[in-house]
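Peer 1: I'll drop the sequence and a predicted model, then ask my questions.
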Amino acid sequence: MTALLQLDQVQSFYGAAHILHGLGLQVNAGERVALIGRNGVGKTTVVNTILGLAQMRGGSIQFGGVPITRPRPYIAAQHGIVVVPQGRRIVANLTVEENLHLGAATGRKGPWTVPEIYKLFPILQERAHTPGTALSGGQQQMLAVGRALMANPSLILLDEPTEGLAPVIVDQLADIFNKVADQGTALLLIEQNLSLVVRVAHRYLAMSKGSVVAEGQVVNAPEGIKDIEEHVVV
Ligand SMILES: Nc1ncnc2c1ncn2[C@@H]1O[C@H](COP(=O)(O)OP(=O)(O)OP(=O)(O)O)[C@@H](O)[C@H]1O
Ligand SMILES: [Mg+2]
């Protein structure tokens, strides 16, 4: 099977700072993969490398089997790979609905339309004409996920989507991620909340110091949490 996303022996930098050291990972169609690891191990740098926001100076990246020498956000999107960035980045002077339409810029066809997003997140319909940044943190995260879905992706990268959110919102988002994955979209969930990981992911990759140091299948909670906890090392 051709992977949707494959990184091999990736070396990434911000200027002179060498962050990823021979990192490898692979996500196949329809998979639910968690990328775990403590603060500062380089999880967001993996996303930034895929988008070309960190400089790759060694190794290789493939989107759907196609080697990508100069990654860019639009190249990822054209290959059906979209990112829900850490910190959400909702566009301040656009309404909820305008933010959703931004996500459709690639013009990829698929099941996700504004009405379908509103079925998934009824609160976004209620607030359709409100400025995106007037929403609560949880609602902004829903908007960020909705905007990503509007691209009809084959793979969504979620960078710490539940950071700073109340447990009740985290529960709602877990259900949403499972619904999205049930429809066949692959997920790469970057997450430090391991109780969320075991509810959503089927496989995990553990990072330490800029590379993937362990991987395995996710077993359901609570045993699954203990299982993967030991791999979250600084
Ligand atoms: N723009 C940048 N320039 C230089 N160094 C950076 C830059 N962004 C991040 N770093 C450094 O790269 C390392 C990895 O950061 P990264 O953001 O990828 O970690 P992370 O695993 O996503 O952490 P967190 O869980 O806190 O989000 C850290 O040491 C960080 O200080
Ligand atoms: Mg990060």
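Peer 2: Structure's in. What do you need? Ligands and ions are numbered 1, 2, ... in the order given.

Peer 1: pLDDT (mean, whole number) over the lengthiest helix in the chain?
Peer 2: Across the chain, the helix with the greatest residue count (assigned by DSSP state H) is helix 167-182. Mean per-residue pLDDT for helix 167-182: 94.

Peer 1: With stretch 105-113 instead?
Peer 2: On average, stretch 105-113 scores 87.

Peer 1: what's the distance between the longest helix of the chain and the middle of its chain?
Peer 2: 13 Å (CA atoms, centre = their mean, to the nearest Å).

Peer 1: Same check on stretch 6-21?
Peer 2: 19 Å.

Peer 1: Could you list which residues are in contact with Leu100?
Peer 2: Val114, Ile117, Leu124, Leu143, Gly146, Arg147, Met150 (CB atoms under 8 Å, 6 or more residues apart in numbering). Every C-beta, even on glycine, is put in place using the N, C-alpha and C of the backbone.

Peer 1: and the nearest residue in space to Ile169 that is not next to it in sequence, how far is that from Leu157?
Peer 2: Distance criterion CB to CB, 6 or more residues apart in numbering; nearest residue to Ile169, sequence neighbours excluded, is Gly138 at 3.6 Å. Note on Gly138: its distance to Leu157, by CB to CB, to the nearest Å, is 20 Å.

Peer 1: Surely Arg127 is in contact with Thr133?
Peer 2: No. Look at Arg127 against Thr133 with CB atoms under 8 Å: they stay out of range, at 11.6 Å.

Peer 1: who's more crowded, these two?
Peer 2: Arg127 (20 against 14; other CB atoms under 10 Å).

Peer 1: which phi and psi does that one have?
Peer 2: Phi and psi for Arg127, reported as degrees, to the nearest 10, are phi -110, psi 20.

Peer 1: try Ala134
Peer 2: phi -80, psi -10.

Peer 1: How about it: what's its closest non-neighbour residue?
Peer 2: Arg127 (7.9 Å).

Peer 1: now do Gln139
Peer 2: That would be Ile123: by CB to CB, 6+ apart, it lies 5.9 Å from Gln139.

Peer 1: quick one: that neighbour is in a strand?
Peer 2: No. Using DSSP: H, G, I helix; E, B strand; the rest coil, the assignment for Ile123 is helix, not a strand.

Peer 1: For it, grab the count of nearby residues.
Peer 2: 16.

Peer 1: Make sure Gly210 is actually in contact with Ala17.
Peer 2: No. Look at Gly210 against Ala17 with CB under 8 Å: they stay out of range, at 10.4 Å.

Peer 1: Would you mind grabbing the residues shared as contacts by those two?
Peer 2: What both Gly210 and Ala17 touch, as defined by CB under 8 Å, 6+ apart, is an empty set.

Peer 1: Compare neighbour counts for the two and give me the winner.
Peer 2: The neighbour count for Gly210 versus Ala17, taken as other CB under 10 Å, is higher for Gly210 (21 against 9).
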